[in-house]
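Colleague: Structure for the following, please:
(one chain, ligands or ions: 2)
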Amino acid sequence: MITVGVIGWVTVLAVSSALERQAQRGVENEVSALVDEFNAGGRPDLEAALTGRFANPLIHTRYVLIGTDGAALLGDATLLPYGRDPADPWVAPAGGPRAAARTLGDGSRVVVVDDLVGVRDVEAVVTRAFLTALAMAGALGLGTGILLAGALLRRLDAVTRTAEAVVAGDMTQRIARTGSGDEFDRLAATLNRMLDRIDGLMVNLRQVSTDIAHDLRTPLSRLRQNLEATNRRAVSVEVYKAAVEQAVEETDRILDIFSALLRIAQIEASTLRKGFRPINLSELFHTLADAYAAPAGDGGRTLTALITADVWVQADQDLLAQLFVNLVENALLHTPQGSTISLQLDVSGSVVVAAVCDDGPGIPIAEREKVLRRFYRLERSRSGLGNGLGLSLAAAVAELHGGRLTLSDAEPGLQVSVTFAREATLRGIKGQRMPKPSVSR
Ligand SMILES: Nc1ncnc2c1ncn2[C@@H]1O[C@H](COP(=O)(O)OP(=O)(O)O)[C@@H](O)[C@H]1O
Ligand SMILES: [Mg+2]
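Modeller: Ligands and ions are numbered 1, 2, ... in the order given. As a prediction, the model looks like this:
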């Protein structure tokens, strides 16, 4: 509305000043024309011209012919003030009538005056047009504003209602989408995805708590049973001693589970990659292959390695080592004697693929997701060593490194591959430390 108002105001000013200037030129031209008539045919011609003009109703200009005595000879006597004093030419006030006067050869004066009636008419028309435009702009702006604000508030309301429902505990609520793909729809989609993520994390948390409670009960009740049995039956110091040793061992196992759980939680929670630096993954794989050749041989298994040289990744050295130690130990632990385990490090483009494969029993497709959960172990492995946390930790480490851990069929056996982004620089630190091989941490 302000814009329309300003444009209107400026337009009216410009139009009227142009028209006033034109009116001034008009009266001057008219006076010249009348002087020409006088010069050509004297007073009679001039009077004939004036009479002709008086007769024409379309002409808005007014005229007066003033005699040498200062009285009106012909025309509008009210115009006398405009032509009285030739030495003191009349100056038109801004916006007032425009006038022009000339003295003729016989001493009389001819005066032409334009009252600007036409200019005022045009001004009025233009002003009215702009006032109409102003009113329309106002009505349109107001209407659109009310409609838009209404739609906006309604949609914000939907977000608020959903948020309140979620706060009240209904995690299944999602913001309704319009499907229009506009900013609001995208915001709704993003908020919904956020809710999905929170939901997923909460489900995960509940699952983990239940699992922890469940899986720690077993060793704790075993510990308690043993202590109770000893207390009931033990007769000698030696038996007590043996029982205490066994209890300490059992407690250590429980503490191990706790520290592994804490470690996974820490890795999953950390998003900062502090401690990350370029690591020579090839070197790490060679160290791993050397360190596990003997334990593998002792257990009647063969360890082979196919390692692309000079592959660097941005990583945390200790976590990366732990990841592959877990995978190799799984391959040693969950395969029968005579199996072959192979370490493979390959590069395709900017992606590094590090894999640990074996030709053992593998993991059925239906179980491949589940073994990544905390404490989940295949039926056949439940009585053996381990606590079911190795793959969870490996997956968490892979994710922290922006990679993915995937289980696939090595036909036969299991292939666990981890992808990383390749680090282009060849900078790095020589002499990387390796944790000592130790089964099931
Ligand atoms: N290389 C493998 N071959 C067959 N099964 C495996 C292999 N690695 C892991 N698994 C199965 O996945 C389960 C989960 O592994 P993990 O999380 O490392 O727990 P843990 O080794 O302590 O049992 C194991 O209990 C085992 O049943
Ligand atoms: Mg394991």
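Colleague: got the residues of this structure near ligand 2?
Modeller: Proximity of the chain to ligand 2, by Cβ under 5 Å from the ion, involves residues 330, 386, 390. Yep, even glycine has a C-beta here, placed from its N, CA and C like the rest.
Colleague: let's go with 6 Å and repeat that
Modeller: 326, 329-330, 386, 390, 440 (Cβ under 6 Å from the ion).
Colleague: so which of those residues comes closest to residue 399?
Modeller: Ranked by distance to residue 399 (Cβ to Cβ), the residues of the chain next to ligand 2 are led by residue 326 at 14.2 Å.
Colleague: per-residue confidence at that closest one?
Modeller: Residue 326 carries a pLDDT value of 96.
Colleague: Is it in contact with residue 392, as I believe?
Modeller: No - under the criterion of Cβ atoms under 8 Å, residue 326 makes no contact with residue 392, lying 9.4 Å away.
Colleague: And the helix or strand hosting residue 256, how far out from the chain middle?
Modeller: Element membership for residue 256 (DSSP states H and E) is helix 237-269. Computed by Cα atoms, centre = their mean, to the nearest Å, the chain-centroid distance of helix 237-269 equals 47 Å.
Colleague: In the helix or strand following it, which residues are buried?
Modeller: Using DSSP H and E, the next helix or strand after helix 237-269 towards the C-terminus is strand 277-280. By neighbour count on 16 or more other Cβ atoms under 10 Å, the buried set for strand 277-280 is 278-280.
Colleague: The residues of the chain next to ligand 2 into JSON lines, with extra columns for secondary structure and neighbour count?
Modeller: Listed next are these as JSON lines, based on DSSP: H, G, I helix; E, B strand; the rest coil; neighbours: other Cβ atoms under 10 Å:
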{"residue": "326", "secondary structure": "helix", "neighbour count": "23"}
{"residue": "329", "secondary structure": "helix", "neighbour count": "21"}
{"residue": "330", "secondary structure": "helix", "neighbour count": "25"}
{"residue": "386", "secondary structure": "coil", "neighbour count": "18"}
{"residue": "390", "secondary structure": "helix", "neighbour count": "24"}
{"residue": "440", "secondary structure": "coil", "neighbour count": "17"}
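Colleague: Do a quick rundown of the helices in the stretch 301-441 of the chain.
Modeller: For the stretch 301-441 of the chain, applying DSSP state H, counting those that start in this stretch gives helices covering 317-333, 365-368, 390-400.
Colleague: Which residue ranges of the stretch 51-200 of the chain form strands?
Modeller: If DSSP state E, counting those that start in this stretch is used as the criterion, the strands of the stretch 51-200 of the chain fall at 62-66, 72-75, 98-103, 109-114.
Colleague: Show me how this structure divides into domains.
Modeller: 2-120, 183-269, 277-421 (automatic domain parsing).
Colleague: any bit of the shortest one sitting next to ligand 1?
Modeller: Same thing as domain 183-269. No - Domain 183-269 lies apart from ligand 1 when judged by Cβ under 6 Å from any ligand atom; the minimum separation is 9.1 Å.
Colleague: what do you get for stretch 352-362?
Modeller: Yes - using Cβ under 6 Å from any ligand atom, stretch 352-362 reaches ligand 1 at 358, 360-362.
Colleague: top of those residues by neighbour count?
Modeller: In terms of neighbours by other Cβ atoms under 10 Å, these top out with residue 358 at 26 neighbours.
Colleague: picking that back up, quick one: least confident of the residues of the chain next to ligand 2?
Modeller: residue 440 (44).
Colleague: so where's the protein shaky on pLDDT?
Modeller: Low-confidence segments of the chain, defined by pLDDT under 70, are located at 84-95, 272, 425-441.
Colleague: go again using 50 as the cut-off
Modeller: 427-432, 439-441 (pLDDT under 50).
Colleague: What residues does it have near ligand 1?
Modeller: Residues of the chain lying near ligand 1 (Cβ under 6 Å from any ligand atom): 326, 330-331, 333-335, 358, 360-363, 371, 377-378, 381, 386-392, 414, 440.
Colleague: quick one, what contacts the residue lying closest to residue 49 once chain neighbours are set aside?
Modeller: For residue 49, ignoring the flanking residues on the chain, the nearest one in space by Cβ to Cβ, 6 or more residues apart in numbering is residue 37 at 4.5 Å. Applying Cβ atoms under 8 Å, 6 or more residues apart in numbering, we find residue 37 in contact with 45-46, 48-49.
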